[in-house]
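> quick one, structure for this:
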Amino acid sequence: MTDTTTQLRTAHTYQLSAATLDEIRLMLDGAFDGDFGDEDWTHGLGGIHAFIGDSDGIAAHGSVIMRRVLHAGRSYRTGYVEAVGVRADRRREGLGGRVMAALETVIDGAYELGALSASDDGATLYAARGWQLWRGRIEALSPDGVIHLPDEEGSAYLRPAARGPLPDAATSALLFDWRDGDVL
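From the prediction side, this is the model:
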């Protein structure tokens with residue numbers, strides 16, 4: 001029987017033990033049916049983690065890291081959501097929403113904008129929480145210059161910043177900083 005009493009914790013990567021990080025990674029590997037690679041894991045490190053444990057281990061996790069996003073000549077300090085997953089036996093209990101609420105608190109307090117790339121399954125959760133689908137062009141500043149990322153269009157979501165409006169998709173592309181693996 002799974003323990004239904006769950007406590008949410010938040011901590012920066014540096015505050016987590018190697019054992020806790022290993023446990024989070026193991027849960028994410030399972031939550032993504034083995035489709036969570038080393039680069040995906042690395043993308044979720046270096047920021048704030050929100051996670052829920054129960055008697056069986058880590059039940060849910062997500063992290064928010066800082067990225068730079070350029071739009072219409074402005075650079076936004078962006079809280080980018082990564083590595084959101086819920087263990088299969090604990091899905092549909094609201095754990096993903098609790099993790100996202102904690103991450104959104106971090107975004108609202110520390111960043112100008114929130115962003116994430118949603119899977120088809122995750123899109124419903126994010127849209128229900130007020131994240132807005134970016135309907136414009138997506139680009140990245142690669143080592144070879146600016147490149148268009150048409151495969152990422154239709155999966156990027158933004159969270160309105162408390163300090164101002166969302167960028168306007170009609171005026172310019174969102175230009176993300178470069179990283180190895182999936183750029184978004």
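
> number of nearby residues for Arg25?
Residues near Arg25, counting by other C-beta atoms under 10 Å, number 19. Heads up, the C-betas are built off the backbone N, CA and C, glycines and all.

> and what of Asp54?
Based on other C-beta under 10 Å, the number of other residues close to Asp54 is 18.

> same thing with the one 4 residues further on?
Counted with other C-beta under 10 Å, the neighbours of Ile58 add up to 24.

> please name the nearest non-neighbouring residue to it.
In space, and not counting its chain neighbours, Ile58 is closest to Met27: 4.2 Å by C-beta to C-beta, 6 or more residues apart in numbering.

> list the strands paired with the strand or helix carrying Val84, with their directions.
Using DSSP states H and E, Val84 maps to strand 74-86. Paired neighbours of strand 74-86 in the sheet (DSSP bridges): strand 57-71 (antiparallel), strand 113-117 (parallel).

> what mean pLDDT does the last one get?
Strand 113-117 comes out with an average pLDDT of 96.

> got the contact list for it?
64, 67, 69, 76-82, 84, 104, 107-108, 126, 131, 152, 155-159, 161, 166-167, 174, 182, 184 (C-beta atoms under 8 Å, 6 or more residues apart in numbering).

> go again using 6 Å as the cut-off
Contact with strand 113-117 is made by 76, 78-81, 107, 155-159, 161, 184, as judged by C-beta atoms under 6 Å, 6 or more residues apart in numbering.

> and what of the longest one?
With C-beta under 6 Å, 6+ apart as the test, strand 57-71 has contacts from 23-24, 27, 44, 46-52, 75-76, 78-87, 90, 95, 99, 103, 106-107, 167, 172, 174-177.

> now the buried members of these.
23-24, 27, 44, 47-52, 76, 78-87, 90, 95, 99, 103, 106-107, 167, 172, 174-177 (16 or more other C-beta atoms under 10 Å).

> low-scoring stretches of the chain, by residue?
In the predicted model, the chain carries pLDDT under 70 at residues 1-5, 161-164.

> send over stretch 9-24 as CSV, restricted to the C-alpha atoms.
C-alpha atoms of stretch 9-24 as CSV (Å, rounded to 0.1, in the frame of the first residue of the first chain):
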residue,chain,number,x,y,z
ARG,A,9,10.2,19.8,-0.4
THR,A,10,12.1,22.4,-2.3
ALA,A,11,15.8,22.7,-2.5
HIS,A,12,18.6,23.9,-4.8
THR,A,13,20.6,21.2,-6.5
TYR,A,14,23.6,21.9,-4.3
GLN,A,15,21.5,21.1,-1.2
LEU,A,16,20.5,17.6,-2.3
SER,A,17,22.6,14.6,-1.4
ALA,A,18,23.9,12.3,-4.2
ALA,A,19,21.5,9.7,-2.9
THR,A,20,18.5,12.0,-3.2
LEU,A,21,19.6,13.0,-6.7
ASP,A,22,20.0,9.4,-7.7
GLU,A,23,16.5,8.6,-6.4
ILE,A,24,15.0,11.5,-8.3
